[in-house]
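Asker: This is the structure alone, sequence omitted:
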């Protein structure tokens, strides 16, 4: 046998940049990089030239000027004297509020309908199929417009509650009034107001709220400890102590005590002048957008859930039945935990979609980020470049945060492969 | 195959790319079409009909400019702009002139780098309420819910006025006039506020206009006028003097009917100058001497345009009010043609 | 054996008893499908209640609809006269009067046939791509599309020459589809140019020059390709670009002077309604497909820089709402392009929609690439194919096929999203056209009917596409088993 000569690296030649596999990818990357950089440079230099031609500059100083416009939904105090920055923040909070509410409700609705579509009740399952198909195949904008129109046209104006013989009367023991502007619900009043904690920037949190939060979280924590202890006793002695009444009391008693201490009571809304006052007015804009996003995204989630459940092999449920588990426990203990693995990744993208779709808010008069920063502020200041850049960055950041958080959750529920 | 389409579009885009907009007049002439930014739909001012033909007060101004510059009032491309896109459309060169009932304000004139060529409608912000609300003054609207279009000067005026008068209100920020009407008609807001001309146009289209009143207070000055880009003074002059020609024509009694006759027979030196019979004023702004004549012929003088689109004979039924000639107590005052 | 003590022995078989009442016929079906468990019974009752509620609330409204009136007040009068005072009824007369605006926007009415023909031919162009799976389906789609298109063209008074052209195209397509479906791809490749020309009109030489540029590029590629494929690609691209920027306009003018073949031009601002939605949707998806493929390959490549650039682009686009991109199209694109560049808003919107769809498309195709068995890549390697040959001959054809359902659902999503162009002042069918219709005094205050009409059209288009993609999905799954 003759020994093969050791391969010797041929000396480097320029043509190897193109023909040699080892260098080719490097060459290619360098070319791509140069092209992309050239594109960026081209775009930026165009922008600079255009801005110069228009006599505009690129600065975010406008954010600190007086906004001058009012916003109908204000989670934090805001007046027209505040800055555009604060208006932007109000818009961002509104976006977050409707997105979180939407995600929660859409998940509940989606899971319910996804399961219902597999129900044995032929009629109901068909009905849910119709719902899913109708909502999935018609643009969201139409749903927002329709639901907004329903709320505007079907609900009465507040004046319908006026007079000795009003056309409409309040429901739920005179506590709730549905109008075509808002739903007036009772607000919480306190006879013994502990004052508020000032977080700066005129954002305040009532001490009572903090007390309740502490009570609830603390109660939950205690319950956890009690359960752990009970488990430990059970492991040790085989006998589980009764815990339900202790649990119930640690969860509720502190809150009840606080209610009594602060003198918490409901304050019913009353018609004062043009509008209801005294209670809490939940704007229809929020409800409409929330409903539309929920119904629309819920239809997609229902499909995901159904697909996830169907993806779990039939054998799993048969095995569960063979063990004698009733159908609902089969669903809760066997099917759903496994289906979750399949469901969660597409669910994340639905949440992201919902958040992005909430930018249609202005069609329901809801002042979200798009309507404040990307709408009125942009329009009043004429700073379209700055406003758009800032708005896109905020949305991008929100998307990245949501998907990062959800991916973390996904990693936790993922089946540990062995 | 799909790549074909992609590159093709890029190529088409490249071809469609126009020239710079430093000299709007020669651009318009080279293009043969005037790009005119208008409202997406406000009856009486600018709205497309069932066949897509635009009509309205602002539209007639576009036609007059096109007639003056290009010699043909139909050579206009109407670019519908929303409250949000209008100024960018102008500054980016997408439109040559913006005739979209836009208020002439300090910051728009300076910071947004626009030039307002004049005022074609003196407006003011008002409030409309249903009659059965029993309200007779804006001062009684404390605590009311008010519909307001976002992104307009009216939004700022409303906030300022209510604040100055110590009144409370709940805004409903709506996206378009059509939506505002819907909300208002359903009673989702107690009052609707926008320019009085807009309120009149809106009310005119109601099934029961007699049940709605426009409150007497006018809370702001809203001089509406055509805007052009800052920095092209010659083009600004053309738009300004076309508007002035329409106004002056009404002052001198020149109408689209008698214009031909006046060209031949009038011996009023002002009319002769305006219509290019004696002096050649057009040459000073880069047009021919008949420019004003064509502008007036396009849809008539200011009075005719007003009467045809928004005047008392139309469903909108606006009185001339501030928009009467200065001799009749109004504010219309065309600078002399000399 | 003696006599048995049995008193009775059955000698014939008994006829089988019918199953008990619960187990047969309607009752069985009802029992199994409507009332099998208490929960299901509750749900069934709930379902019945929902249906009853819907019928109770909306039946009268639909039943009282008026199709023949010239204004909303007239509608209401007719309803009041026929069904008594206070009766509610739909006024679909608005659709009858203004349907053309919902469908075509402000496109010149005497040219409606051109838009219709373009739309009909879209199915021919799609046939070899979407309907390549089964000959029967392809046949049905083509026949139905041809017949409907020709009938509507006739109804819309298309000129005879063009009727002839359409008949020729459809007949040719039908023949080819039966014999050599692959050849239809040539039509698919030409269709974008044909569609642009038919919709916007103008001289035929403009699109022809675009085509000539590609021809030139291909020629250069073939000629130089013998020396070096990499060089050839560069030369080909350069040649095409040079031709388009330097020569195309002059050549087109000269050709136009020599042989003035042109049809009436229609400006972009006359596009509206579903014509606009479909134009943006189809253009967006057709353009985003190649971009999406490139991005997907880039994201899966082992070159760090290329991968990161692709990831940044895809995640950026997917992280922001489409509406912000549309605002970029309408507000900012002019900042990013050389001073003075200015082109039409529809084209700008199409560019942004393309970028948007490309990011999603890239993810869909990446899924398709990932779903391909590893062995396919190894097989390609073992055959000694280089990267591009492997992608072109082995990987992409399979990956794209798997991705078709995903591509279709991306398209559905994008088609629905075209309604957002209302926020940049284009006349899409849901909001802008309805607002324009309501601007007319005759139709002030009409909401539900236009919503139902345009919603129904969206539903029909999207639903049939989603059903077709599900069918494809099932079929493709079977192929892979």
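Answerer: Happy to help now that I have it. Values in this document were obtained by computation on a predicted structure and should not be read as measured data.

Asker: any weak-confidence spans in the chain?
Answerer: Reading this off chain A. A:1-10, A:16-21, A:414-418 (pLDDT under 70).

Asker: nope, chain B
Answerer: Judged by pLDDT under 70, the stretches of chain B that qualify are B:1-22.

Asker: need the longest helix for it.
Answerer: Ranked by number of residues, the top helix in chain B under DSSP state H is helix B:233-252.

Asker: Packing partners of the helix or strand following it?
Answerer: The first helix or strand that comes after helix B:233-252 along the chain, using DSSP states H and E, is helix B:259-265. Other elements packing on helix B:259-265 under the criterion 3 or more Cβ pairs under 8 Å, 6 or more residues apart in numbering or on different chains; DSSP states H and E are helix B:291-299. Using the backbone N, CA and C atoms, a C-beta is placed for each residue, glycine as well.

Asker: residues from chain A in reach of chain B?
Answerer: Applying Cβ under 8 Å from any Cβ of the partner chain, we find that chain A lies next to chain B at A:54-56, A:68-72, A:79-81, A:149, A:152-153, A:156-157, A:159, A:180-181, A:272-275, A:277, A:284-285, A:362-363, A:365, A:367, A:371, A:375-376, A:378-382, A:384.

Asker: burial count for whichever residue of the stretch 151-300 of chain A sits closest to chain C?
Answerer: Using Cβ to the nearest Cβ, residue A:153 is the residue of the stretch 151-300 of chain A that sits closest to chain C, at 7.3 Å. Residue A:153 has 16 neighbours, counted by other Cβ atoms under 10 Å in any protein chain shown.

Asker: before we move on, which element is it in?
Answerer: helix A:140-154.

Asker: List only buried entries from the residues of chain A next to chain B.
Answerer: A:54, A:56, A:68-72, A:80, A:149, A:152-153, A:156-157, A:159, A:180-181, A:274-275, A:284-285, A:362-363, A:365, A:367, A:371, A:375-376, A:378-382, A:384 (16 or more other Cβ atoms under 10 Å in any protein chain shown).

Asker: now the helices for chain B?
Answerer: B:2-16, B:24-31, B:57-70, B:86-91, B:106-110, B:153-164, B:177-185, B:196-204, B:233-252, B:259-265, B:269-274, B:291-299, B:302-309.

Asker: same question, the stretch 51-200 of chain C
Answerer: C:72-83, C:93-104, C:112-130, C:135-155, C:160-179, C:184-200 (DSSP state H, counting those that start in this stretch).

Asker: circling back: nearest to residue C:328, out of the helices of chain B?
Answerer: Ranking those by proximity to residue C:328 (Cβ to Cβ) places helix B:86-91 first, at 11.0 Å.

Asker: quick revisit: what's the closest of the helices of chain B to residue C:183?
Answerer: helix B:2-16 (16.5 Å).

Asker: circling back to that earlier point, could you redo the helices of the stretch 51-200 of chain C as CSV and give each row distance to chain A?
Answerer: Putting the helices of the stretch 51-200 of chain C into CSV (distance: least, Cβ to the nearest Cβ, whole Å) gives the following:
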stretch, distance to chain A
helix C:72-83, 14
helix C:93-104, 13
helix C:112-130, 18
helix C:135-155, 20
helix C:160-179, 28
helix C:184-200, 22
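
Asker: Of those helices, which is nearest chain B?
Answerer: With Cβ to the nearest Cβ, the closest approach to chain B among the helices of the stretch 51-200 of chain C belongs to helix C:184-200: 3.6 Å.

Asker: could the helices of the stretch 51-200 of chain C go into TSV alongside mean neighbour count?
Answerer: Formatted as TSV, the helices of the stretch 51-200 of chain C follow (neighbours: other Cβ atoms under 10 Å in any protein chain shown):
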stretch	mean neighbour count
helix C:72-83	16
helix C:93-104	20
helix C:112-130	22
helix C:135-155	16
helix C:160-179	15
helix C:184-200	20
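
Asker: any idea how far residue B:133 lies from residue A:71?
Answerer: Applying Cβ to Cβ, to the nearest Å, the value for residue B:133 to residue A:71 is 25 Å.

Asker: Equivalent analysis for residue B:64, please.
Answerer: In terms of Cβ to Cβ, residue B:64 sits 40 Å off from residue A:71.

Asker: same thing with residue A:200?
Answerer: From residue A:200 to residue A:71 the distance is 20 Å (Cβ to Cβ).

Asker: swap in residue C:291?
Answerer: Distance from residue C:291 to residue A:71, by Cβ to Cβ: 39 Å.

Asker: Could you pull up phi and psi at the residue nearest to residue A:170 when sequence neighbours are not counted?
Answerer: Spatial nearest neighbour of residue A:170, chain neighbours left out: residue A:177 (4.6 Å); criterion: Cβ to Cβ, 6 or more residues apart in numbering or on different chains. Backbone torsions for residue A:177, taken as degrees, to the nearest 10, come to phi -120, psi 120.

Asker: Hmm, residue C:358 is touching residue C:295, no?
Answerer: Yes - judged on Cβ atoms under 8 Å, residue C:358 makes contact with residue C:295 at a distance of 6.1 Å.

Asker: more crowded one of these two?
Answerer: More neighbours surround residue C:358 than the other of residue C:358 and residue C:295, with 28 against 24 (other Cβ under 10 Å).

Asker: Give the next helix or strand downstream of the helix or strand containing that one.
Answerer: Per DSSP H and E, residue C:358 falls inside helix C:345-371. From helix C:345-371 onward toward the C-terminus, using DSSP H and E, the following helix or strand is helix C:374-382.

Asker: Buried residues in that next one, which are they?
Answerer: residue C:380.

Asker: dump the residue contacts of the residue of the stretch 151-300 of chain A closest to chain C.
Answerer: A:180, B:186, C:447 (Cβ atoms under 8 Å, 6 or more residues apart in numbering or on different chains).
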